[in-house]
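Chemist: Curious how this folds, go ahead:
(2 chains)
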There are 2 protein chains.
Amino acid sequence: MATTIALPAPADFHVHLRQGDLSKLVTPHVRKGGFHLAYVMPNLKPPITTVSQALEYKSTLESIDPSVDYLMTLYLSPDLTPEEVRKAKDAGIVGVKSYPRGVTTNSDSGIESYEIYYPVFEIMQEVGMVLNLHGEVPSDPATNTHILNAEPTFLPHLEAIHKAFPKLRIVLEHATTRAAVDMVKSLGPTVGCTITAHHLALTVDDWAGQSWNFCKPVAKYPDDREALREVVREGHPRFFLGSDSAPHPPHTKATSTPQSACAAGVYTSPILLPLVAHLLEDFGALDKLEGFVGGFGRAFYGRQLHGTHAEKQTLLRKVVGQKVEDQWSLGEQSVVPFWAGKELRWELVE
Amino acid sequence: MATTIALPAPADFHVHLRQGDLSKLVTPHVRKGGFHLAYVMPNLKPPITTVSQALEYKSTLESIDPSVDYLMTLYLSPDLTPEEVRKAKDAGIVGVKSYPRGVTTNSDSGIESYEIYYPVFEIMQEVGMVLNLHGEVPSDPATNTHILNAEPTFLPHLEAIHKAFPKLRIVLEHATTRAAVDMVKSLGPTVGCTITAHHLALTVDDWAGQSWNFCKPVAKYPDDREALREVVREGHPRFFLGSDSAPHPPHTKATSTPQSACAAGVYTSPILLPLVAHLLEDFGALDKLEGFVGGFGRAFYGRQLHGTHAEKQTLLRKVVGQKVEDQWSLGEQSVVPFWAGKELRWELVE
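Modeler: The predicted structure follows:
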């Protein structure tokens, strides 16, 4: 049994770094959790829809922690023009994120149909931008569409976009179902898929009445979790870590009133690499850790390590039960991590 | 359009009246909610497993509010002997409630298999006691059993018990799925089914991150809710109201910590009849209200009205948006009702 593992510059291909004071608290948690690359989501208030906003945001993040490679994204909306996409590519922005309207945090500006974006997708394909899809349709009781089948119901959209733009790199974000795994596998080499740490751990039973485990997409059935574990264990190169780590003020996670629900999101950043090692070890996939937390995603995004980057090693070592901290704070901001108070069997070596 | 409705002594065939100070607060809410009969659940701490406990509990409830007809039940456990069942029948106890182990509030003493209870069921059938089934199996990731399919997975047990004891009256409690409705319909006239008010209102989307709507069994998919509404609209005489109204201290409903979930249960007693009228009107079943809130259940249980009981009328009248109170308190006890702050279109006439 290995007791230490050295990993070259782990990469988190889906993370929420927020803005303002909360951002100052959580941005350094990328490195704290063992990661050197953060693929940054654009669902701020207001959403990041222009190149100048994205560059300003990147500059803010770099001023908080310059040691991380921030890959920036734009929020897909009708305001995004083909010209702006070209400009984005030239400015080093990597992807465009699509949110269905109203299904997750700050997605009120999200999209309702995809064909109106085909001119934008055309240019993205041409210049080599990545399309990041939040793969859920909104709930609709009239068609028996709900949060448990929102992802399977979305998959035909993924398939249609891929068929229309076979060279466009698309990432289905935070997959939670066997149907999604099967669909991504069935598509071509330009279609990748992120998987979060918490969806490798949770099922629907875990978030029933337990708001700290509540996120969108919600964790699904045990067989769906098994499909995620299987594809990680298989070492499939188009499936890689995107934590979807999403901090919320603790009171918005802990307490609901009859009039308002808890915030959706699970926060894993500060414990991410030890957590992923712990989980992969549990289901017999520790030998796929390096590919899952960096290699596969870097290859998909064309961000392979070379030169000085290749020297950025992160070292994990086995421990006898390291308790996850209850909370991290900075000024008036605080965040509670996933698995607070539980024990992890791996820790980072400073 | 009717603007008043007179109902003969409405009956709630599944209610939790708790014990101690909480019981003093919630027991009077049966009448406050418009009901004259309460079929009382036995999952206290400790559970009601003997005739003497049940009679003492009944006497306590009558001392709190003597105006309600309390039908008492025993908690099925290996300690329940055929002799105790005969004694229970003689003492006027009506039913025996079976809880699968660990699936809901105070069910740690629940059962794991049914055949060991066949000698008890035999006597119950003989003397005419009713078997009340909490129809869920415990979750088991190895067999992909979870809180969303726990009820459909239970149904073969219901079918098997009915086939073994065709004359035993059985009630599948708080049905939440189309599968359960179909199963109960397919079985003989000795099998009834309760439906709660909140399961006519909620789906899985409503309790995701919203602990006030979290109960066991959890509300299911829109199509399941539609099946419940359909069978009520149909006026099927073996489907009737059992509110499963389950009060919990507000802090246990409002707040979860990373280490502990919120309590499961929705509290409808004090608004029950206006709420049911509101819901049935919404889905076009107001003409079935009288059967659903009393007639059908009374016929199934052989508790038809006669003599003075027939005079106990409850009168509902249409209102322009009557807000549900935020909370009811007594001493240090308080409870928050379902739909707190929302408007109901019906109210009780004193």
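Chemist: Model confidence at the residue of the stretch 1-150 of chain A found nearest chain B, what's the number?
Modeler: Using CB to the nearest CB, A:Pro141 is the residue of the stretch 1-150 of chain A that sits closest to chain B, at 3.8 Å. From N, CA and C alone the C-beta is placed, and that goes for glycine too. Model confidence at A:Pro141, given as pLDDT, is 95.
Chemist: how many other residues sit next to it?
Modeler: Close neighbours of A:Pro141, defined as other CB atoms under 10 Å in any protein chain shown, add up to 14.
Chemist: what's the closest non-adjacent residue to it?
Modeler: B:Pro222 (3.8 Å; CB to CB, 6 or more residues apart in numbering or on different chains).
Chemist: on that earlier part again, wait, the residue of the stretch 1-150 of chain A closest to chain B touches B:Lys220, no?
Modeler: No. Between A:Pro141 and B:Lys220 there is no contact, the gap being 11.8 Å when judged by CB atoms under 8 Å.
Chemist: Please identify every residue contacting each of these two.
Modeler: B:Thr203 (CB atoms under 8 Å, 6 or more residues apart in numbering or on different chains).
Chemist: burial of the residue nearest to A:Leu76 when sequence neighbours are not counted, as a residue count?
Modeler: Leaving out its chain neighbours, the residue that sits closest to A:Leu76 by CB to CB, 6+ apart is A:Ser98, at 4.3 Å. Neighbourhood size, A:Ser98 [other CB under 10 Å]: 23.
Chemist: Check the spacing between A:Ser98 and B:Phe13 real quick.
Modeler: Distance, A:Ser98 to B:Phe13, using CB to CB, to the nearest Å: 49 Å.
Chemist: number of nearby residues for A:Phe79?
Modeler: No, residue A:79 isn't Phe; it's Asp. 12.
Chemist: swap in A:Ser52?
Modeler: Look at A:Ser52: counted by other CB under 10 Å, it has 11 neighbours.
Chemist: Just read off the phi/psi values of it.
Modeler: Here is the backbone geometry of A:Ser52 (degrees, to the nearest 10): phi -70, psi -40.
Chemist: Equivalent analysis for A:Gly95, please.
Modeler: phi -140, psi 170.
Chemist: Disregarding residues adjacent in the polypeptide, which is nearest to it?
Modeler: Of all residues not flanking A:Gly95 in the chain, A:Val130 sits nearest, at 3.9 Å (CB to CB, 6+ apart).
Chemist: Help me confirm that that neighbour comes into contact with A:Lys97.
Modeler: No. With contact taken as CB under 8 Å, A:Val130 and A:Lys97 are classed as non-touching, separated by 9.3 Å.
Chemist: who touches the residue nearest to A:Pro141 in this structure?
Modeler: Contacts for B:Pro222 (CB under 8 Å, 6+ apart) come out as A:141-142, A:144-146, B:203.
Chemist: And A:Ile116, by the same measure?
Modeler: With CB under 8 Å, 6+ apart, A:Ile116 has these contacts: A:Pro78.
Chemist: picking up where we left off before, tell me the confidence at the residue nearest to A:Pro141?
Modeler: 98.
Chemist: hey, what's the residue nearest to A:Gly95 bridged with?
Modeler: Beta-bridge pairing of A:Val130 under DSSP bridges involves A:Gly95, A:Arg169.
Chemist: neighbours of it, just the number please.
Modeler: 23.
Chemist: Over to A:Ser59?
Modeler: Using other CB under 10 Å: A:Ser59 sits among 10 other residues.
Chemist: my read is it is in a helix, agree?
Modeler: Yes. Assessed by DSSP: H, G, I helix; E, B strand; the rest coil, A:Ser59 belongs to a helix.
Chemist: sorry, back to before: distance check, the residue nearest to A:Pro141 against B:Ala340.
Modeler: Going from B:Pro222 to B:Ala340 by CB to CB gives 24 Å.
Chemist: what's the answer for A:Leu202, then?
Modeler: A:Leu202 is 29 Å from B:Ala340, by CB to CB.
Chemist: just the strands in chain A please.
Modeler: With DSSP state E as the criterion, chain A has strands at A:4-8, A:11-15, A:37-40, A:69-71, A:73-75, A:95-98, A:130-134, A:169-173, A:191-195, A:239-241, A:313-323, A:328-330, A:333-335, A:343-349.
Chemist: Please enumerate the helices of chain A.
Modeler: Using DSSP state H, the helices assigned to chain A run over residues A:20-26, A:29-32, A:51-64, A:82-90, A:118-127, A:150-164, A:178-186, A:204-207, A:222-234, A:250-254, A:272-282, A:289-290, A:296-301.
Chemist: now those in TSV, with distance to B:Ala246?
Modeler: Output for the helices of chain A, formatted as TSV (distance: least, CB to CB, whole Å):
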stretch	distance to B:Ala246
helix A:20-26	37
helix A:29-32	40
helix A:51-64	47
helix A:82-90	53
helix A:118-127	50
helix A:150-164	29
helix A:178-186	34
helix A:204-207	19
helix A:222-234	27
helix A:250-254	22
helix A:272-282	35
helix A:289-290	45
helix A:296-301	46
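Chemist: most tightly surrounded among those helices?
Modeler: helix A:272-282 (a mean of 24; mean count of other CB atoms under 10 Å in any protein chain shown).
Chemist: on that earlier part again, so which of the contacts of B:Pro222 is surrounded by the most neighbours?
Modeler: Among those, B:Thr203 has the most neighbours (other CB under 10 Å), with 25 neighbours.
Chemist: Does A:Leu280 touch A:Glu290 like I think?
Modeler: No. If you go by CB under 8 Å, A:Leu280 and A:Glu290 don't touch, sitting 10.4 Å apart.
Chemist: For the closest residue to A:Val276 other than its chain neighbours, grab phi and psi.
Modeler: Among residues not flanking A:Val276 along the chain, A:Ala197 sits closest, at 5.1 Å (CB to CB, 6+ apart). Main-chain torsions, A:Ala197, degrees, to the nearest 10: phi -70, psi -40.
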